[in-house]
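Trainee: Everything below, folded, please.
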Amino acid sequence: MSSPTRLLSALRLFLCDAAPVEPGGRIVVAFSGGADSTALLWGLAELARRGEIAPPVAAHLDHALDPGSAERARRAARLTAMLGVPLVAARREVAAGGGGESLEAAARRARYAFLEEVRQGAGARWVATAHHRDDQAETVLLRLLFGSGLAGLAAIRPRRGAVVRPLLALPKETLAAAVTAAGLAPIEDPTNADLRIPRNRVRRLVLPALAAGDPALPERLALLAARAGGARAALERRLGAAAGGDDLPSSFQAAALAALPDALAGLALSLLHARCGAAYPAGAGARKELGRQLAGGRAVGCDCGAGWRWETEGDEVVLRPRRDRPETPAGFAYTLRVPGELDIPEIGVRLAVRRGAVEPWMWTGGRSPAGGRRAGLALPVAAGDRLTVRSRRPGDRLRPLGGPGSRRLKDLLIDRRVPRESRDRLPLVCMDGADGAIAWVPGVAIDERFRVGSRGAEAWAEVWAEVWIAELTPTEASLPIPLPPTPPTP
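Mentor: Residues are numbered from 1 along each chain as shown. Below is the predicted model of the structure:
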């Protein structure tokens with residue numbers, strides 16, 4: 001069977017079984033102009049020419065990430081014109097978001113938002129992307145490297161919401177051969193050769209090296225993803241039934257969630273995220289904090305990333321968009337990737353951690369020329385490492401700089417005359433890891449383990465608009481910097 005025939009057969013089968021299209025219904029194609037998306041667009045245009053579906057709509061977003069992106073957009077427009085397909089194109093500059101979001105993740109988020117806009121504007125049922133079997137194999141390897149569980153090993157789903165991937169059963173070489181047979185010249189994106197991007201390293205180095213001794217490896221990795229997806233679907237049905245008979249529950253009973261094994265609890269929470277429209281499931285750190293709060297039998301208040309938060313409503317755990325400023329302070333726990341920043345709406349605080357060199361003002365009491373108060377500490381962190389920022393807990397201890405030994409945080413707060421009403425508003429900066437060591441309590445103390453010394457300037461953090469943290473001498477860093485009893489207006 002020729003490559004074009006294989007491509008058309010795969011599209012027909014997918015549109016018949018996995019993503020039916022109503023007569024006259026349109027499909028939006030995510031079109032970069034590369035070989036994969038060109039194959040997909042050609043295949044759907046060919047089915048439309050034969051009267052099997054309505055003509056597709058191509059959608060191209062120029063992320064403006066490199067000087068050649070505008071020219072690639074013009075070439076993409078010429079390709080769609082050759083195929084007789086209408087094109088919706090836009091140019092939107094992309095910048096990495098907060099919370100440690102990478103530029104690639106920000107571009108992906110912007111791209112899918114644009115595709116949804118085009119889908120709604122065209123009145124289309126589906127957005128089709130050109131992910132293929134080799135993409136699936138790469139994703140499985142990436143998930144293995146990151147230690148993913150069952151949900152991660154399921155990798156790229158054939159259908160998620162309005163997004164469908166009809167080419168997952170086909171290898172990249174079939175798509176390239178179909179494009180060549182059609183006489184089309186796809187566009188090369190230079191960012192695909194950037195080995196700083198993990199997927200590009202897997203694509204260009206890891207997978208070819210593994211497949212050199214086992215050509216069937218990509219196919220078997222894709223099969224693993226399919227089996228993991230089937231197992232996940234079965235578990236989803238069971239969990240949905242346990243939550244009240246809905247495949248995608250909108251809440252879970254707190255007691256039932258607390259009783260689940262870790263693996264099932266993570267899957268249950270990912271179902272909750274899917275139902276509520278959160279873009280990504282929560283990370284392991286956030287799930288661990290939620291488990292701790294559930295085990296304590298108290299009301300839940302836990303950030304889970306991407307602007308979402310778990311909270312209790314009666315005896316149910318629900319997922320809600322994070323509010324700018326809750327009415328009353330509540331316990332909190334957030335994960336911060338270095339370098340990065342986050343908002344803590346419970347206390348009206350923004351905190352950031354960055355690397356920085358020593359400056360003269362850091363040796364004179366920690367006050368900047370602009371009047372903002374600053375304090376410093378040495379955090380042994382590198383780009384991509386994570387910190388936990390949380391409220392105080394019973395039993396918290398640290399060793400203040402210059403102190404003879406470990407002390408209870410409660411006693412330290414009393415000694416430093418921190419007002420009672422301010423104590424639960426302190427954002428404790430903790431190192432990720434088994435012991436979750438407290439590195440810094442703003443306005444109170446830095447732990448001796450994070451003394452600024454021979455290692456030099458390693459990180460500085462800032463807390464809301466007026467208070468900064470940077471490198472101080474050990475003597476000055478141990479001095480209390482009073483915090484206001486209520487958070488200032490940003």
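Trainee: that's a strand at Ala89, yeah?
Mentor: Yes: assessed by DSSP: H, G, I helix; E, B strand; the rest coil, Ala89 belongs to a strand.
Trainee: Now for it: which residues touch it?
Mentor: 59-62, 73, 76-77 (CB atoms under 8 Å, 6 or more residues apart in numbering). (C-beta placed from N, C-alpha, C; glycine too.)
Trainee: mind listing which of these are in strands?
Mentor: 59-62 (DSSP state E).
Trainee: thinking again about what came up before, nearest to Pro171 among the contacts of Ala89?
Mentor: Ala76 (23.6 Å; CB to CB).
Trainee: Would you confirm that the closest one contacts Phe31?
Mentor: Yes: here Ala76 reaches Phe31: they are 6.2 Å apart, a contact under CB atoms under 8 Å.
Trainee: Could you dump the ones in strands among the contacts of Ala89 into TSV with neighbour count, distance to Leu141 and pLDDT added?
Mentor: TSV is the format used below for these (neighbours: other CB atoms under 10 Å; distance: CB to CB, whole Å; pLDDT from 0 to 100):
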residue	neighbour count	distance to Leu141	pLDDT
Ala59	28	29	95
His60	25	29	95
Leu61	25	27	93
Asp62	19	30	91
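Trainee: and Ala54, that one's in a strand?
Mentor: No: counting by three-state DSSP, Ala54 is not part of a strand but coil.
Trainee: For it, grab the count of nearby residues.
Mentor: Counted with other CB atoms under 10 Å, the neighbours of Ala54 add up to 17.
Trainee: low-scoring stretches of the stretch 251-400 of the chain, by residue?
Mentor: 279-280, 306, 323-329, 355-377 (pLDDT under 70).
Trainee: quick revisit: out of the ones in strands among the contacts of Ala89, the closest to Arg420 would be?
Mentor: Leu61 (52.4 Å).
Trainee: helix, strand or coil for the nearest residue to the closest one once chain neighbours are set aside?
Mentor: Excluding its sequence neighbours, the residue lying closest to Leu61 (CB to CB, 6 or more residues apart in numbering) is Phe114, at 4.6 Å. When classified by three-state DSSP, Phe114 comes out as helix.
Trainee: Next, Pro56: phi, psi?
Mentor: The phi/psi pair for Pro56 (degrees, to the nearest 10) reads phi -70, psi 170.
Trainee: Between all of the ones in strands among the contacts of Ala89, which two are at the greatest distance?
Mentor: Ala59 and Asp62 (11.4 Å).
Trainee: how far away is Ala278 from Thr5?
Mentor: Taking CB to CB, to the nearest Å as the measure, Ala278 falls 41 Å from Thr5.
Trainee: One more: Ala176?
Mentor: For Ala176, the distance to Thr5 - CB to CB - is 15 Å.
Trainee: Ok, Pro339 next?
Mentor: 51 Å.
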